[in-house]
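S.K.: How does the following fold in three dimensions:
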Amino acid sequence: MFRTLHRLKPLTVDRAKETGRYADGGGLYLIVKPGPRKSWAFIYRRGAKMTELGLGGLIDVPLVSAREDAAELRKVLSDGGDPKAHRERKRQARALEDARTISFETAARAYHARHKVNWRSDRHARQWIRGLELHVFPSIGSLGVGAVDLAAVKKVLEPIWYTIPRIAQVIRAHIEAVLNMAYVDGQRSADNPARWDLLKHTLPARKGARMAGHFRALPYSAVPALLKALEAQDAVSAACMRFTILTAARTKEALTCRWSDVDLTKRIRVVEILKGGGEPWQHQVPLSDQAVLLLRSLLIDDKPAFEYVFPNRTGRGCLGQSAMLSLLSRIGWNDRTTTHGIRAAFKTWATERTNYPREVVELCLSHVQGDPLERAYQRGDIIEKRRQLMQAWADYCETGEQTANNVVAIRA
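M.R.: Below is the predicted model:
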């Protein structure tokens, strides 16, 4: 058999033009087709069956490489194996290896593209990928998704775990989801290092990220002074902070407010709230005179200039999560309150200084409770009581004085 190997000369291979098969020996053939188009094939018998196995075109596979491939397949055949099955296993192994070289960023964007159609809103889809762009891709985005280990995950999470713990937990969950997808797709074989039951042994639970477990809250008696300090600032973040105070809004609700959510004629702002992780509910927030005046001052020729009420520097997105905290630091109020702590000041003021029912106060804080029928009633009737309460709060924030028009008349 060995005497019949390597029959073809390089010049013969180059000059062959007539269609047909040219044997090199040992089962290797040069296949010439009209054109001429030249390729290699390994032809072998296994049992009673003859099989022709393509090895590639002459341009991609020179004579020397074709002989090496044929020698490998002859060895498989002599050991009792199937050359065709052997080639398929090698192809799958190469595909798996190629898949494992996909970067984490590529895998994350693939996850985002697959799942965003099922997410509750386009806003959530944008926020999902934006969080990774800000906190993950700069650190491990170029790392192969199969190479992401515990050290890589900690490299992302440790710098933000104490400063922005809520966002850090969300980022951790996103990393875990991407790595789970990569495992199912065969792009990694190792355990998921972003699992919380693993990370909890090295990172504290989210509540432990704050010493006291509560946001610093400003006494309501100091809110008018803070509002005056903010009015002296020209920054967009100052306007956003004033709006947050006047509406007792959550930080995220204020930052992501769109002009499409606001009706200045009806003096209403709509906030999307998820009740127990279910379908979103459109919660109406009444706007006081001061809040409406603030919003009108942000219009240009009575029209919005951007999608968001409080845009970032590019105008294509909203202010970042830390914008108002940075503002409080600049004006020397960061050691006295946080943005979220203003809500506690409002609730304490409403409880101690007014006679409004508890459910009215809770609804002003967007603490939505009850079944759909009850919430429909709250939108219709209690909204006027909430409007009165929010106006009384805005008046207090502006003057520091309690108005007389904040007692609810209870019908018999």
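
S.K.: Can you tell me the element Phe131 falls in?
M.R.: If you look again at residue 131, you'll see it is Gly, not Phe. Per DSSP states H and E: Gly131 is located in helix 122-135.

S.K.: So which elements touch that helix?
M.R.: helix 104-115, helix 165-184 (3 or more CB pairs under 8 Å, 6 or more residues apart in numbering; DSSP states H and E). For glycine as for every other residue, the C-beta is placed from the backbone atoms N, C-alpha and C.

S.K.: Next, the buried residues of that helix.
M.R.: Ala125, Gln127, Trp128, Ile129, Leu132, His135 (16 or more other CB atoms under 10 Å).

S.K.: want to throw those into CSV with pLDDT?
M.R.: Shown next, in CSV, are the buried residues of helix 122-135 (pLDDT from 0 to 100):
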residue, pLDDT
Ala125, 87
Gln127, 88
Trp128, 92
Ile129, 93
Leu132, 94
His135, 93
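
S.K.: Between which two of these is the distance greatest?
M.R.: Greatest spatial distance among the buried residues of helix 122-135 (CB to CB): Ala125 and His135, at 17.0 Å.

S.K.: So which residues of the stretch 251-400 of the chain form helices?
M.R.: In the stretch 251-400 of the chain, the helices defined using DSSP state H, counting those that start in this stretch lie at 251-255, 289-297, 323-330, 341-353, 358-364, 372-377, 383-399.

S.K.: Show me the shaky parts of the stretch 1-150 of the chain.
M.R.: 1-3, 95-100, 120 (pLDDT under 70).

S.K.: Ok, the stretch 201-350 of the chain next?
M.R.: Across the stretch 201-350 of the chain, the stretches falling below the confidence threshold (pLDDT under 70) are 205-217, 274-281.

S.K.: Now do the strands in it.
M.R.: 262-263, 268-274, 280-286 (DSSP state E, counting those that start in this stretch).

S.K.: Mean neighbour count and distance to Ser297 for these - can I get that in TSV?
M.R.: Formatted as TSV, those follow (neighbours: other CB atoms under 10 Å; distance: least, CB to CB, whole Å):
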stretch	mean neighbour count	distance to Ser297
strand 262-263	16	13
strand 268-274	17	16
strand 280-286	17	19
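
S.K.: Asp24 - that's part of a helix, no?
M.R.: No - Asp24 is assigned strand when assessed by DSSP: H, G, I helix; E, B strand; the rest coil, not a helix.

S.K.: Dump the strands of the stretch 201-350 of the chain into JSON lines; add distance to Asp197 as well.
M.R.: JSON lines is the format used below for the strands of the stretch 201-350 of the chain (distance: least, CB to CB, whole Å):
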{"stretch": "strand 262-263", "distance to Asp197": "43"}
{"stretch": "strand 268-274", "distance to Asp197": "26"}
{"stretch": "strand 280-286", "distance to Asp197": "30"}
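
S.K.: Is it possible to get TSV of the helices and strands packed on helix 122-135 that adds mean neighbour count and distance to Lys385?
M.R.: Output for the helices and strands packed on helix 122-135, formatted as TSV (neighbours: other CB under 10 Å; distance: least, CB to CB, whole Å):
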stretch	mean neighbour count	distance to Lys385
helix 104-115	18	41
helix 165-184	19	32
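
S.K.: Out of those, which is closest to Leu203?
M.R.: helix 165-184 (8.4 Å).

S.K.: With distance to Lys154 added, can I get the helices and strands packed on helix 122-135 in CSV?
M.R.: Below are the helices and strands packed on helix 122-135 laid out as CSV (distance: least, CB to CB, whole Å):
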stretch, distance to Lys154
helix 104-115, 15
helix 165-184, 10
